[in-house]
Structure formats: C-alpha cells, structure tokens
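> Everything below, folded, please.
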Amino acid sequence: MFGGSFNPIHNAHVNLASSFIKKLKLDKLLLIPTATPPHKSDSEMVSAEHRLNMCTLASEDIKKVEVSDIEIKREGKSYTVDTLRQLKEIYPDSEIFLITGADMFMTLLEWREPEEIFSLATVCSVPRNDDDVEVLEEKEKLYNKMGAKTVILDLKKCSISSSRIRELAFEDESFSKLVDPKVEQYIYANYLYMDKSKINYDRFDKVLKARMSEKRYIHSFNVAVEAQRLAKKYGADVEKARLAGMLHDITKETSGNEQLQIIENSNIILNDIERPSPKLWHAIAGAAFVRDVMGIDDEDVFNAIRYHTSGRANMSLLEKCVFIADFTGAERDYDGVEEMRSLSNKSLEEAMAFGLSFSVADLAKRRLAIDPNSLACYNEVVLKTSKSYNKSK
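Numbering: from 1, shown residues only. Presented below is the predicted three-dimensional model:
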C-alpha cells in the first residue's frame with residue numbers, strides 16, 4: 001500500500017513505487033490517493049477525481065501497480081489504519097507493506113492507532129536526504145521495540161515535492177522534469193494549481209495545446225488574430241477579442257459527457273433545444289470552463305464564447321467580432337468564405353446575415369432543430385441590413 005494525497009503525483013513517487021516493487025518482490029502495489037488527508041486542509045487539495053486520474057496516468061506504464069479508489073469511496077478523513085483493515089479483509093492471506101515518505105515515517109506515533117498499524121503491515125520508507133538517515137534509523141529502532149516490522153531502503157535521494165510543483169505551476173514556471181508528461185498535460189488541460197488572478201497568454205497557449213489537436217489549435221490562433229483585427233477596425237476591445245478568440249473552442253474536442261459535466265458544475269440548465277443538440281454544447285461548456293475553472297470572470301468574454309456558434313439578438317460588438325472571426329479565420333476554405341471576408345470588411349451585420357443564412361438553411365434542410373438564439377440573431381441582422389439597403393436605394 002502506497003497512500004498519499006498525490007497533489008500532484010510526481011517522479012519521486014513513481015520511482016519509489018518502482019523501487020519497492022523490485023526490492024520487495026511485490027505481487028502488487030496499490031497506489032491509493034486519499035479522500036481527505038487528516039493533516040491537510042481542503043483548500044490545499046484539488047479534487048479526488050483529478051488526483052486519481054493523475055495517479056492513473058503516471059503509473060499506467062509500471063507493471064504490478066494498481067490505482068485504488070477505496071479511500072475516496074469511503075470519503076471523510078483518510079486514516080491509514082482504516083485502509084489497512086479494509087485491505088486485510090480483501091487480501092486475508094497476503095503480507096501487506098505500508099510505504100511511506102520519510103516525513104510520514106518519522107511521525108507514525110502521531111497517527112491514529114499506530115500500534116494497530118504495526119500489527120497489520122510492515123512499515124517501509126526511504127531517506128529524503130543524507131540528514132534523514134540517522135533519524136530514520138533511530139525511529140526504526142523505536143518502532144521495532146514496539147513490535148513493528150520495518151524496511152528502510154537506501155535509494156538515490158530525490159528532493160521533489162508536490163508543493164514545489166504547485167508553486168511552479170502557480171508561478172508559470174516549468175515543472176516538466178518533475179512529473180510524467182501525461183500528468184503535466186493533465187495539469188494544464190484542467191487548469192490545476194494555476195494563478196487565476198492574471199491573464200497569461202503563454203499559459204493559455206499551453207492549456208490549448210493540452211486540450212486540442214494541432215488543427216483545432218491553429219484554428220483558435222487564427223480566430224484570435226482575426227477577432228483582434230475586426231475589433232480594431234470596428235472599435236471593440238482588442239485584448240478581449242484576442243482572449244475570447246483564443247479560448248472560444250477550448251472544449252470543442254472535449255467528450256460530450258465532460259462538456260455536460262462542466263455545464264452542470266456551473267449550474268447552467270440547457271433548454272429543450274440545447275440538450276439534444278451536442279453541437280451547441282462546446283460553446284456553452286467553453287464559456288463556463290473559461291469563467292469557472294480558469295477564473296476569467298468577464299461577462300463580455302463569457303458571452304463572446306457562449307454565443308460564437310449560435311449568435312443571439314443584441315450581440316455586443318465583441319461578440320460579433322468573435323462570431324465572424326470563427327467563420328473567417330485564415331485556415332477557412334469553404335465555398336463562400338471569400339465573400340464572407342469581403343462583407344466583414346464592410347459591415348459586421350452584413351457578414352453575419354450572410355453566415356447565418358447558410359447555417360440556418362443547412363439545419364432546416366437536414367430537418368434539425370434551430371436554436372432560437374440563431375433565429376433571433378438572423379432576424380435582427382436581416383432586418384437591420386434590409387433597412388440599410390433600402391435607404392441606400
């Protein structure tokens with residue numbers, strides 16, 4: 001049993017697990033993320049689901065490792081003695097080894113029912129650094145006198161800590177050498193441990209690359225560029241246009257179930273048209289993710305992402321710029337794109353009327369439900385452009 005908060009799991013954890021499997025000739029190593037560690041506050045922790053997922057990613061290439069959610073399912077404070085009792089019931093004929101870090105090993109007598117722990121498992125650890133060796137040995141002698149069985153392995157010292165990785169992520173500094181590449185990608189994709197108080201485009205770039213394919217990333221970059229151009233031309237906020245354009249498709253390649261989970265977590269209720277229309281979900285989930293996970297709480301940016309697919313009546317200038325940029329990004333090559341680009345340089349409403357006419361007609365042709373927001377947007381821009389046209393005549 002190798003338990004811990006794993007907030008996040010890092011290379012030292014993985015090396016420790018691999019070394020004990022080899023040295024002790026283990027049949028199985030259970031990696032067990034805690035639900036709530038007794039010694040840490042909830043504010044320090046990302047969700048149990050995230051920590052469980054990171055453990056799975058970090059250990060999937062290590063033979064004999066199994067990630068267990070028994071403490072998460074049990075909920076409440078995660079006391080080692082309770083987990084050992086549960087494991088003894090599951091594996092009644094097995095010898096159990098409890099793997100701990102040096103800090104944990106030295107404080108075992110402060111844990112709940114330490115003597116019961118000694119009776120249930122052989123307690124194992126490694127020195128964190130050269131200064132720990134003598135202290136660990138003294139503690140080992142004390143525990144042995146109390147009837148404990150112990151194993152101290154003298155492995156290559158490694159000073160990685162989860163707290164340091166969290167600090168590096170928060171400070172926008174690299175931590176790639178400290179964690180498995182899949183864990184690094186997961187941290188960026190789910191915006192874990194990041195500083196949400198400031199806009200950082202380099203970080204956003206990493207988040208996008210972690211969440212989407214190269215093709216979708218190029219599209220997002222192009223939409224940001226075009227949205228900025230249109231914002232500058234028509235007087236919208238250029239930085240907000242860049243931000244919304246960059247992030248508008250952040251959940252586009254996220255699974256439908258995860259999109260729905262993001263929407264539910266943000267207390268957004270889908271209407272009767274939206275729920276059976278998966279193509280509408282990514283815009284709603286994306287806006288929620290940007291606001292509630294990334295911490296970008298700007299109503300205009302939220303709405304520019306939320307309505308970049310459907311449009312709506314009374315769109316702000318920023319919303320219109322992002323909506324059209326999504327149609328006219330540099331990589332777009334559909335029939336009619338050049339006319340759309342030409343119209344976007346004359347009138348935002350003319351370009352929107354042109355783009356929406358295709359979208360609405362295509363949905364109608366395929367007998368698919370049309371979002372009322374799209375119809376309201378279409379009617380508004382058509383009436384506005386028709387009046388302008390009649391006046392010009």
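> now the stretch 1-150 of the chain, which segments are flagged as low pLDDT?
Counting by pLDDT under 70, the stretch 1-150 of the chain contains low-confidence ranges at 37-44.
> how about 90 then?
35-45, 74-78, 101-103, 127-135 (pLDDT under 90).
> can you pull the contacts of the residue positioned nearest the centre of the chain?
Nearest to the geometric centre of the chain sits Asn190, at 1.0 Å (CA atoms, centre = their mean). By CB atoms under 8 Å, 6 or more residues apart in numbering, the residues touching Asn190 are His50, Val293. No exception for glycine: its C-beta is placed from N, CA and C like everyone else's.
> Let me know the secondary structure of Lys182.
In three-state terms, and counting by DSSP: H, G, I helix; E, B strand; the rest coil, Lys182 is helix.
> out of everything not next to it in sequence, what's closest to it?
Leu57 (4.1 Å; CB to CB, 6 or more residues apart in numbering).
> a helix runs through the one you found, doesn't it?
Yes. Under three-state DSSP, Leu57 falls within a helix.
> Is it correct that it is in contact with Glu184?
No. Applying CB atoms under 8 Å, one finds Leu57 not in contact with Glu184, separated by 9.7 Å.
> which residue ranges form the helices in the stretch 51-200 of the chain?
70-74, 80-90, 102-106, 114-120, 132-145, 162-170, 181-189 (DSSP state H, counting those that start in this stretch).
> and the fourth one, what other elements does it pack with?
So that's helix 114-120. helix 80-90 (3 or more CB pairs under 8 Å, 6 or more residues apart in numbering; DSSP states H and E).
> ditto for the fifth one
Here helix 132-145 touches helix 102-106, strand 150-152, going by 3+ CB pairs under 8 Å, 6+ apart.
> Kindly export that helix (C-alpha atoms) in CSV.
Taking C-alpha atoms only, helix 132-145 is exported to CSV below (Å, rounded to 0.1, in the frame of the first residue of the first chain):
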residue,chain,number,x,y,z
ASP,A,132,17.4,11.8,7.4
VAL,A,133,19.4,8.6,7.6
GLU,A,134,20.3,8.7,11.3
VAL,A,135,16.9,10.0,12.3
LEU,A,136,15.1,7.2,10.4
GLU,A,137,17.3,4.6,11.9
GLU,A,138,16.6,5.8,15.4
LYS,A,139,12.9,5.8,14.7
GLU,A,140,13.1,2.3,13.2
LYS,A,141,14.8,1.0,16.4
LEU,A,142,12.0,2.6,18.5
TYR,A,143,9.2,1.1,16.3
ASN,A,144,10.9,-2.3,16.3
LYS,A,145,10.9,-2.3,20.1
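> Enumerate every residue touching Ser316.
Ala236, Asp300, Asn303, Ala304.
> Can you tell me what sits against the strand or helix carrying the last one?
To tie it back to what came earlier, the one meant is Ala304. In the assignment (DSSP states H and E), Ala304 maps to helix 299-306. Applying CB under 8 Å, 6+ apart, the contact partners of helix 299-306 are 237, 240-241, 243-244, 247-248, 250, 283-284, 286-287, 290-291, 296, 315-316, 318-319, 321-323.
> The helix or strand just after that helix - contacts with which helices or strands?
Next helix or strand after helix 299-306 toward the C-terminus (DSSP H and E): helix 317-328. On a contact count with 3+ CB pairs under 8 Å, 6+ apart, helix 317-328 meets helix 214-234, helix 238-247, helix 299-306, helix 337-344, helix 348-365.
> Turn the ones you listed into TSV, including mean pLDDT and mean neighbour count.
As requested, the helices and strands packed on helix 317-328 are arranged in TSV below (pLDDT from 0 to 100; neighbours: other CB atoms under 10 Å):
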stretch	mean pLDDT	mean neighbour count
helix 214-234	98	19
helix 238-247	98	24
helix 299-306	98	22
helix 337-344	96	17
helix 348-365	93	18
